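K.L.:
Sequence first, predicted model second:
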Amino acid sequence: MFELDSDGVEQRASTGNLPFDSEVDALILKAYHRYLDLNDGQLADYIPILAQADPALFGLALTDIAGTQYRAGDTGASFSIQSISKAFVFALVCEEIGHSAVHDRVGVNNTGLPFNSVMAVELNDGHPMNPMVNAGAIATTALMPGATDVEQWEAIRLGLSRFAGRPLELDGDVYRSEMAANQRNKAIARLLESYGRLTTDPLETVDVYTRQCALSVTANDLATMGATLAGGGVNPITGERVVSAEVARDTLAALAAAGMYERSGEWLFEIGLPAKSGVSGGIVAVSPGKGAIGVYSPLLDPAGNSVRGQRACGYLSRSLGLNLFASPAPPARSEHAPHEQAPHENGNPA
Ligand SMILES: NC(=O)CC[C@H](N)C(=O)O
């Protein structure tokens, strides 16, 4: 469980816009320096190559829906996207086959269990529950249009590249490392097959899923991918519409429910933004209508979420006034009777 350190975090009232450019720049840098020396957490090692990551890497990026990019630290460092791919593959599949078909096959409720839980499938009568855990993500990947697994993979690679606004490539070393250690995902796919919930070849679908997780991205890419969802499906850098506004909305709802796995409730409570994490240490946190934060720092908490990433998102959510559930500041009123106290700027008592 992470704790948000509220000491000294200037909390901004929620408004329809981000503050001015220079303020965002200053706050991104502040967040970066604030957590640079935080070395809590562990590298993921169940995918052997992830244990070789440099724990010191820390990149913090924000892209707004107008396409302005803010960066601090190692925002150009490459890492495998891992589970963050689930959000964008879900969006692509919804765009292709429609929200209801995906909802019926996959679902959108939190399992309350770890992302690779086999028990979650068993407890729910073979239903994968949501697209952000492995079972639901494998079921979602299987729904990607394509005559073969090779075509499905290429459609996913191209689709995620449109979200990023640049061609994304497979990290072959990460792919091979995970393929040698992904017996559990193969078991989950076989289990889904046994319940009649997978109509593709289970092992081929796990192969495509493993490739999608091994796509190489940067923190800056994550910010732009998230900003595409924040902007109703239009990539703010390329101007291309990647998915419809409805699909962007539905994807953010699915992220809010389960993007941070069994910690999703705590995350919403503390940070108030739909987000998705991955075991390589990335997080994308989306502020609808404003922009998105992309962060990379490979030291993880026990749920598999980046420790520095969570703290930096919390800091920025507060200081930029991004929390979705915060009411906007009440308009200043001049007609107060002298004994009435004017509300504090952020709507809370001072
Ligand atoms: N949480 C994650 O990022 C998990 C992704 C990883 N590829 C897996 O299937 O286990």
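P.N.:
Cool, the structure landed.
K.L.:
What is the end-to-end distance of stretch 323-332?
P.N.:
With C-alpha to C-alpha, to the nearest Å as the measure, stretch 323-332 spans 21 Å from end to end.
K.L.:
try stretch 48-61
P.N.:
Stretch 48-61 has an end-to-end distance of 27 Å (criterion: C-alpha to C-alpha).
K.L.:
Ok, stretch 113-132 next?
P.N.:
12 Å.
K.L.:
And the ligand, is that stretch touching that?
P.N.:
Yes - Stretch 113-132 lies within reach of the ligand by C-beta under 6 Å from any ligand atom, at 115, 116. C-betas here are computed from N, CA, C, even on glycine.
K.L.:
and that stretch, which residues are buried?
P.N.:
Buried residues in stretch 113-132, counting neighbours by 16 or more other C-beta atoms under 10 Å, are found at 113-118, 120-121, 124, 126-132.
K.L.:
what's the answer for stretch 173-189, then?
P.N.:
Per 16+ other C-beta under 10 Å, stretch 173-189 contains these buried residues: 174, 175, 177, 178, 179, 181, 182, 185, 186, 188, 189.
K.L.:
Looking at those, which are in helices?
P.N.:
174, 175, 177, 178, 179, 185, 186, 188, 189 (DSSP state H).
K.L.:
Enumerate the residues of the stretch 251-350 of the chain near the ligand.
P.N.:
For the stretch 251-350 of the chain, the contact set with the ligand under C-beta under 6 Å from any ligand atom comprises 278, 279, 304.
K.L.:
Kindly recompute the last result at 8 Å.
P.N.:
Selection of the stretch 251-350 of the chain residues close to the ligand by C-beta under 8 Å from any ligand atom yields 261, 277, 278, 279, 280, 304.
K.L.:
pretty sure the fifth one belongs to a strand, no?
P.N.:
Think residue 280. No - when classified by DSSP: H, G, I helix; E, B strand; the rest coil, residue 280 is found to be coil rather than part of a strand.
K.L.:
got a list of what it touches?
P.N.:
Residues near residue 280 by C-beta atoms under 8 Å, 6 or more residues apart in numbering: 44, 50, 53, 79, 80, 81, 82, 174, 296, 298.
K.L.:
Please report the distance of the third one from the ligand.
P.N.:
Right, residue 53. Going from residue 53 to the ligand by C-beta to the nearest ligand atom, to the nearest Å gives 13 Å.
K.L.:
No further questions, thank you.
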